[in-house]
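Novice: generate coordinates for the sequence data below:
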Amino acid sequence: MRAPRATRLTRPYYGWVIVATLGLSETVSYGILAYTFGVFLGPISRDLNVPASWVTAALSASVLTAGLIAVSVGRWVDRRGARSLMTAGSLLGSLLLLAWAQVTTFGGLLLVMVAMGAVRAMVLYEPAFTVVATWFRAYRRRALTALTFTAGFASVIFVPLAGLLSEQLGWRGTLGVFALVMLVFAALPHALFLRRHPHDLGLEVDGERMPAPPEPAAPLAGSVRAVLRSPHFALFALAFALVNMVSGALFVHLVPVLVERGWSLTAAASLTGLVGLMALPGRVVFTPLGERISPYLLTSVILGCVALGCVALWALPGSVGTWAFVILFETGCGAITPARAALLAETYGTGAYGTLSGMLAGILAVTGALAPLAVSALQAASGRYGPALAALAATGVAATLTLLITSRVFAPALFPPKEPYAR
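Specialist: Prediction:
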């Protein structure tokens, strides 16, 4: 007797409501907590009468704090879901934005930034990815792409908005406005619309009525301890740590690099903004390919785009090298985030996704914070960015080769040819 097939809902699947909710809240959270800091850097430095490097160090402390508690946050989401955590994180973020607006000393700023690191861990991509991985299976890559594509507009919206508000209200008044924005457009949607699991609504993943066929076991699913000790996870984490060093360093140093190549400060800043926009088509272009070719091969191609962009910036002179970098580098960087999230779930399953994602996020936070400092040291030692760019290009190539080695050793066994998912 044939097993009954799961029936699909005629109304829209609630998982897409969750994706829309997270798209809105991640746009707000990233826009306020990550992208607008550069707008406030100069005014804060002048108001507190401290070097800009000190203010930047406070931001680095925030990023490192987020990395240190990412595993604990992921474990919470695995066990209890993200609704209460992300709601509390958004509420705390609103309060800390108000506290940030009141600081008058560097010590006060540092305390606020360290506490803000906890908020970053609670509301940015990692817990959101865990929610999406729980609610989707066949459409997981599409859902992750929809989420990250929407949130990709964070810098486009909030950087100009922060500049405009700062001219009218000052940086302190702008942070007060952003506190209200985060309360209304992040904390409230999290509380109203997030749910832990499709089972809470009588559904199975991807919008099927229960009961549905069980999800096939992920190739390397197992205990968290066993996964973390495996050579595969070591190579997996190393590949993404290396490419994160490249992107983290260039996001900080790109403007002075372009100025050194002969671009004006205004043009360099404009090109840096364009780099952010180029992330969006990268997320759209690579998503359909994820359903047709090996996920490891696809992700290796994405990392290869980042590496080739760095090689172009280092080796090709003038506008040719700059534009090749903008297109290749950010097309790759835009696709890395959803590709990494999907690959983690496809390899290790969703049972401990939050914990593993948190561990990976902690590693990336450390490498992302240290890479800009290493580039600064190389630039100071040589007096130019050429050696640093050569090192970043080599690092990007190493990241690509590491993931390719991982795919050659593990992927044939992990992802054998299979029938397309029956829809």
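Novice: would you map the strands across the chain?
Specialist: For the chain, the strands defined by DSSP state E occupy 203-204, 208-209.
Novice: worst mean pLDDT among those strands?
Specialist: Mean pLDDT is lowest for strand 208-209 among the strands of the chain, at a mean of 64.
Novice: residues in contact with Ser166?
Specialist: Ser166 makes contact with 39-40, 43, 174, according to Cβ atoms under 8 Å, 6 or more residues apart in numbering. No exception for glycine: its C-beta is placed from N, CA and C like everyone else's.
Novice: now, of the residues you listed, which are buried?
Specialist: 39-40, 174 (16 or more other Cβ atoms under 10 Å).
Novice: so which of the residues you listed comes closest to Leu297?
Specialist: Closest to Leu297 out of the buried ones among the contacts of Ser166 is Val39 (39.6 Å), distances taken as Cβ to Cβ.
Novice: farthest-apart pair in the contacts of Ser166, please.
Specialist: Top of the distance list for these (Cβ to Cβ): Pro43 and Thr174, 9.4 Å.
Novice: looking at the residue lying closest to Leu98 once chain neighbours are set aside now. What's its pLDDT?
Specialist: In this structure, Leu98 finds its nearest non-sequential neighbour in Ala179, 4.9 Å apart by Cβ to Cβ, 6 or more residues apart in numbering. Ala179 is assigned a pLDDT of 97 by the prediction.
Novice: what does Gln102 give?
Specialist: Looking at Gln102, the pLDDT reads 96.
Novice: how near is it to His190?
Specialist: In this view, Gln102 and His190 are 25 Å apart by Cβ to Cβ, to the nearest Å.
Novice: can you check Gly334 too?
Specialist: 25 Å.
Novice: out of Gln102 and His190, which sits in the more crowded spot?
Specialist: Of the pair Gln102 and His190, His190 is the one with more neighbours under other Cβ atoms under 10 Å, namely 27 against 11.
Novice: distance check, that one against Ala315.
Specialist: Shown here: His190 relative to Ala315, a distance of 46 Å by Cβ to Cβ.
Novice: repeat for Pro295
Specialist: For Pro295 relative to Ala315 (Cβ to Cβ), the value is 30 Å.
Novice: in the stretch 101-250 of the chain, which spans are helices?
Specialist: 106-123, 125-135, 140-151, 154-182, 188-193, 224-229, 231-260 (DSSP state H, counting those that start in this stretch).
Novice: how about the fifth one: buried residues?
Specialist: By 16+ other Cβ under 10 Å, the buried positions in helix 188-193 come out as 189-190, 193.
Novice: kindly report the same for the first one.
Specialist: Residues 106, 109-113, 115-123 are the ones in helix 106-123 that count as buried (16+ other Cβ under 10 Å).
Novice: and it with helix 125-135, angle?
Specialist: Helix 106-123 runs at 10 degrees relative to helix 125-135, counting by axes from the mean of the first three to the mean of the last three Cα atoms, to 10 degrees.
Novice: report the angle between helix 106-123 and helix 154-182.
Specialist: Using the same axes, to 10 degrees: helix 106-123 against helix 154-182 is 100 degrees.
Novice: by contact count, what packs against helix 106-123?
Specialist: Secondary-structure packing of helix 106-123 (3 or more Cβ pairs under 8 Å, 6 or more residues apart in numbering; DSSP states H and E): helix 14-30, helix 37-48, helix 52-80, helix 83-100.
Novice: for Leu403, which of those is the nearest?
Specialist: Judging those by Cβ to Cβ, what sits closest to Leu403 is helix 52-80, at 21.3 Å.
Novice: list the single closest residue to Phe193 in space, sequence neighbours excluded.
Specialist: Thr21 (4.3 Å).
Novice: next one: that neighbour from Thr367, what distance?
Specialist: According to Cβ to Cβ, Thr21 stands 30 Å off from Thr367.
Novice: what sits against Phe149?
Specialist: Contacts of Phe149 by Cβ under 8 Å, 6+ apart are 280, 283-284.
Novice: cool, Ala82 as well?
Specialist: Residues in contact with Ala82 (Cβ under 8 Å, 6+ apart) are 127-128, 130-131, 194, 196.
Novice: run the last query once more with 10 Å
Specialist: 18, 22, 73-74, 76, 89, 122-123, 126-131, 134, 190, 194-196, 354 (Cβ atoms under 10 Å, 6 or more residues apart in numbering).
Novice: domain parsing for the protein?
Specialist: 14-209, 224-414 (automatic domain parsing).
Novice: mean pLDDT lowest for which of those domains?
Specialist: Among the domains of the chain, domain 224-414 carries the lowest mean pLDDT, at a mean of 83.
Novice: now do the closest residue to Ala312 other than its chain neighbours against Ala399, distance only.
Specialist: The shortest distance from Ala312 to any non-neighbouring residue, by Cβ to Cβ, 6+ apart, is to Ala324 (3.7 Å). Ala324 sits 19 Å away from Ala399 when distances are taken as Cβ to Cβ.
Novice: could you report the pLDDT at Leu9?
Specialist: 51.
Novice: returning to what we had before: more neighbours: Ala324 and Ala399, which one.
Specialist: The neighbour count for Ala324 versus Ala399, taken as other Cβ under 10 Å, is higher for Ala399 (25 against 17).
Novice: quick one, what contacts the more buried one?
Specialist: When contacts are counted by Cβ under 10 Å, 6+ apart, Ala399 touches 238-246, 300, 303-304, 306-307, 336.
Novice: related to what we said a few turns ago, return the closest of the contacts of Phe149 with respect to Val224.
Specialist: Closest approach to Val224 among the contacts of Phe149 (Cβ to Cβ): Arg283, at 28.8 Å.
Novice: count of neighbours near the closest one?
Specialist: 25.
Novice: that one contacts Thr331, correct?
Specialist: Yes. Between Arg283 and Thr331 there is a contact under Cβ atoms under 10 Å: 9.1 Å.
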